[in-house]
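J.: kindly return the folded structure for what I paste below:
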Amino acid sequence: MKKTICLIILAITIFLLVIQKSNNVVIPREAIRIRVIANSNSNLDQEEKKKVLNNIKMELYELLKDARTLSEARKIINDNIKRLNISILDSTKENFKLNYGMNYFPKKVYKGIIYEEGEYESLVITLGSGQGDNFWCVLFPPLCLLEGNNDTEDVTYQFFVKEMLEKYFG
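T.: Coordinates of the predicted model:
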């Protein structure tokens, strides 16, 4: 019996070590991302990006708050591209480009979590030359639009088994 318990604990520990090493988070393909790319990394351009982001998040929250499926969200976005363009135009003096479709996202490491590069369905707003830092998150399901809140909260990923092991053996 003791041997079995030790083997189970060893297997769980190895599993947890493998999970901690990979730290890859897979956002499901059934998601729509949003990305706002600043003209440059100057303070002025980064502030402009934040202004556009806050404005467009409020607009998207209003549009998507009742969307229940991916196809509903797609239709709403497609039907409101003109409205979104006007919303962006109202919040920036920069030239911009709005693109909804499959767009490239580079690999990103954020707080030790790896988000893989690739082509993702997304709404991308590029301000000016688009050479600055960007903001992105998951638009649908609405992970960054919750209750239309302008504050972005940090997400912490936790593993139940790891917590239990730490609780009883840590």
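J.: chain neighbours aside, what residue packs nearest to I125?
T.: Excluding the flanking residues, the one nearest I125 by CB to CB, 6 or more residues apart in numbering is V36, at 4.7 Å. From N, CA and C alone the C-beta is placed, and that goes for glycine too.
J.: who does the one you found bridge with?
T.: On the basis of DSSP bridges, V36 is bridged to I125, F135.
J.: so it makes contact with F135?
T.: Yes - in this structure, V36 is within contact of F135 by CB atoms under 8 Å, at 5.0 Å.
J.: so for the two, which sits in the more crowded spot?
T.: A count of neighbours by other CB atoms under 10 Å puts V36 above the other of V36 and F135, at 27 against 18.
J.: need the three-state assignment for the most centrally placed residue in the chain.
T.: Centroid-nearest residue in the chain, with CA atoms, centre = their mean: C137, separated by 2.0 Å. The assignment at C137 comes out as strand when based on DSSP: H, G, I helix; E, B strand; the rest coil.
J.: wait, it sits on L143?
T.: Yes - look at C137 against L143 with CB under 8 Å: they come within range, at 5.9 Å.
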